[in-house]
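Asks: One predicted model, sequence on top.
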Amino acid sequence: KNEVEQSPQNLTAQEGEFITINCSYSVGISALHWLQQHPGGGIVSLFMLSSGKKKHGRLIATINIQEKHSSLHITASHPRDSAVYICAARIAGGTSYGKLTFGQGTILTVHP
Amino acid sequence: DTGVSQNPRHKITKRGQNVTFRCDPISEHNRLYWYRQTLGQGPEFLTYFQNEAQLEKSRLLSDRFSAERPKGSFSTLEIQRTEQGDSAMYLCASSLGGPGRQAKNIQYFGAGTRLSVL
């Protein structure tokens, strides 16, 4: 079992729909990242969370440390949101050096 | 452009050949990471540098792989005697780690080098 699990693996939505992507982790973390990857490979960091909730435009990320669960929400989805969304955990501990352990990604396709 | 730069973007090679990739991190970043991503999977950690010191290597990094960061700035990842299983996207990320207000530990990723071994 992976230390970081995402669901769903694939998500198709109509433009305007509210989207939720879930991430669960089984290890102690110091922070959780949500990343966006477009075709061609480039990865952009969307959020880094250690508690609570963050909002940026139409994107909202939440984390529940006790339940070891995080969600990424997209409100009023748009075709340009189509991408792979990846959650990544920064494992807590002195020798982790900040390296990230990634989920397998959620492929989001938003149709007009 | 002050982001993380990786070269080349694409590399096609024949099995058994050696390849070298380069990563130029954001200039003030002391931490540099290499990750590998195969099709349909999330990236996996390969190795980590703090300044010029290579502090951690994944077991994924076989002895055919070597990485350097000679002056604590750019880094190279070399794969010797490439195999078809090495085909993947190789991602580099950098961050400013450590204590202090400027150290945000947010990793900034390059666009990656896509390796195809024929």
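Replies: It's in.
Asks: Kindly confirm my reading that residue B:85 is in a helix.
Replies: Yes - applying DSSP: H, G, I helix; E, B strand; the rest coil, one finds residue B:85 inside a helix.
Asks: Which strand residues bridge whatever residue of chain A ends up closest to chain B?
Replies: Proximity of chain A to chain B (C-beta to the nearest C-beta) peaks at residue A:102, 3.3 Å away. Any C-beta I mention is one placed from the backbone N, CA and C, and that applies to glycine too. Per DSSP bridges, the residues bridged to residue A:102 are residue A:88.
Asks: Hmm, residue B:44 and it touching each other?
Replies: Yes - counting by C-beta atoms under 8 Å, residue B:44 is a contact partner of residue A:102 at 7.1 Å.
Asks: between these two, what contacts are shared?
Replies: residue B:35 (C-beta atoms under 8 Å, 6 or more residues apart in numbering or on different chains).
Asks: Between the two, which has more neighbouring residues?
Replies: A direct count of neighbours by other C-beta atoms under 10 Å in any protein chain shown for residue A:102 and residue B:44 places residue A:102 higher, at 23 against 16.
Asks: Do you know the pLDDT at that one?
Replies: pLDDT, residue A:102: 94.
Asks: give the contact list for it.
Replies: So residue A:102 contacts A:4, A:86, A:87, A:88, B:35, B:42, B:43, B:44 (C-beta under 8 Å, 6+ apart).
Asks: And for the last one, nearest residue in space, chain neighbours not counted?
Replies: Counting by C-beta to C-beta, 6 or more residues apart in numbering or on different chains, residue B:44 lies nearest to residue B:36, which is 5.4 Å off, once chain neighbours are set aside.
Asks: I'd like to check which residues are in contact with the one you found.
Replies: By C-beta under 8 Å, 6+ apart, the neighbours of residue B:36 are B:43, B:44, B:46, B:60, B:88, B:89, B:90, B:91.
Asks: And the pLDDT for whatever residue of chain B ends up closest to chain A?
Replies: Proximity to chain A, evaluated over chain B using C-beta to the nearest C-beta, is greatest for residue B:42 at 3.3 Å. You'll see residue B:42 listed with a pLDDT of 90.
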